[in-house]
Each structure stands twice: as C-alpha cells, then as structure tokens.
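next comes the sequence, and after it the predicted model I'd like to discuss.
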Amino acid sequence: MRIFNAVVMSLVLLMAVMAVLPLYGMDLVLIGKGELTSVLIDESNLHLYMVRSAAFATFATFSLNYLRRRRPLSSVAPLLYFCTWALVFGPAYVFVYASPNWKQGAFLVFTCVLVFFLFRENEREAKTIFVDEW
C-alpha cells in the first residue's frame with residue numbers, strides 16, 4: 001500500500017507542476033519525448049491553457065484528498081473544485097499573458113456566480129447523501 005501511496009503522491013506533484021508551469025512560460029510534455037518546452041500563449045489559446053491548468057489542479061486536489069481519505073460527499077464536488085481552480089488560474093493567466101477586458105471580466109463574474117451556486121448545492125447534497133443509509 002505504501003508503494004501505491006507513493007505513486008499517487010508523485011502524480012499529485014506532477015499534476016500540480018504541470019498546472020503551474022505554463023504561467024512561467026514552460027510546459028511539460030509527457031507524450032513523445034517527455035521534455036520541458038517553452039510555450040507560446042496568446043489571446044487565441046489563453047483559455048485553453050487556463051482550462052488545462054484548472055483540470056490538472058482539480059486532479060491533483062482529488063488525488064490529495066484520496067490520500068487524506070477525504071471522499072467527496074456529493075456529485076457536485078468535481079464541478080465546484082474545477083470552477084474554483086478556474087477562478088484561480090483565470091486571473092493569473094490574464095495578468096501574465098493578456099490585458100484585462102470585459103470578456104475576461106464577464107467570464108470571472110459568471111464563474112463566481114457558478115461557484116456560489118455549486119457551493120450551496122454541494123452543502124445541500126452533502127447533508128442528504130446518507131439519509132437513506134440507516
């Protein structure tokens with residue numbers, strides 16, 4: 001079991017590094033050569049990298065929670081985590097690679113509202129998930 005936990009922890013570190021590296025102009029490509037390359041992020045692929053980083057951070061978070069034996073109590077939790085990480089990486093990518101405009105602001109406001117509703121639904125579903133078990 002310790003080997004499995006070590007593998008999961010190494011995956012957590014790998015996914016966290018892969019989520020943050022594009023903010024520093026680098027990308028870790030595992031398919032093919034498996035090398036560290038420079039990345040060209042502009043307005044056309046900014047949101048693609050933001051979504052990629054949010055997804056890797058979500059995977060890392062759930063893997064870390066697995067090691068801590070904390071299971072999600074609702075089916076809304078993955079969406080909540082992804083949207084929360086999108087709120088972290090969205091402004092970070094805009095700050096590093098673009099100038100803020102109304103489209104990015106609208107995306108952030110929409111994601112904030114979505115996180116609020118997902119949080120409320122997660123809390124509500126977590127209270128009722130074990131009601132029929134006893």
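Thanks, I have the structure now.

so, low pLDDT: which residues of the protein?
For the chain, the stretches with pLDDT under 70 are 1, 129-134.

how about the strands of it, start to end?
For the chain, strands defined by DSSP state E occupy the ranges 26-29, 35-38.

of those, which approaches Val113 most closely?
strand 26-29 (31.1 Å; Cβ to Cβ). Any C-beta I mention is one placed from the backbone N, CA and C, and that applies to glycine too.

name the residues of the closest one that come out as buried.
Within strand 26-29, the residues that count as buried by 16 or more other Cβ atoms under 10 Å are Asp27.

send me it as PDB with only the CA atoms.
Presented in PDB, the C-alpha positions along strand 26-29 are these (Å, rounded to 0.1, in the frame of the first residue of the first chain):
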ATOM      1  CA  MET A  26       7.200  26.400 -19.800                       C
ATOM      2  CA  ASP A  27       5.300  23.300 -20.500                       C
ATOM      3  CA  LEU A  28       6.000  19.700 -19.600                       C
ATOM      4  CA  VAL A  29       5.100  17.400 -22.500                       C
END
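
if we can go back for a sec, identify whichever of the strands of the chain lies nearest to Ser44.
That would be, of the strands of the chain and by Cβ to Cβ, strand 26-29, which comes in at 16.0 Å.

which other helices and strands contact that closest one?
helix 2-20, strand 35-38 (3 or more Cβ pairs under 8 Å, 6 or more residues apart in numbering; DSSP states H and E).

picking that back up, just send the strands of the chain back as JSON lines, with distance to Asn101 too.
Compiled in JSON lines, the strands of the chain are given as follows (distance: least, Cβ to Cβ, whole Å):
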{"stretch": "strand 26-29", "distance to Asn101": "25"}
{"stretch": "strand 35-38", "distance to Asn101": "26"}
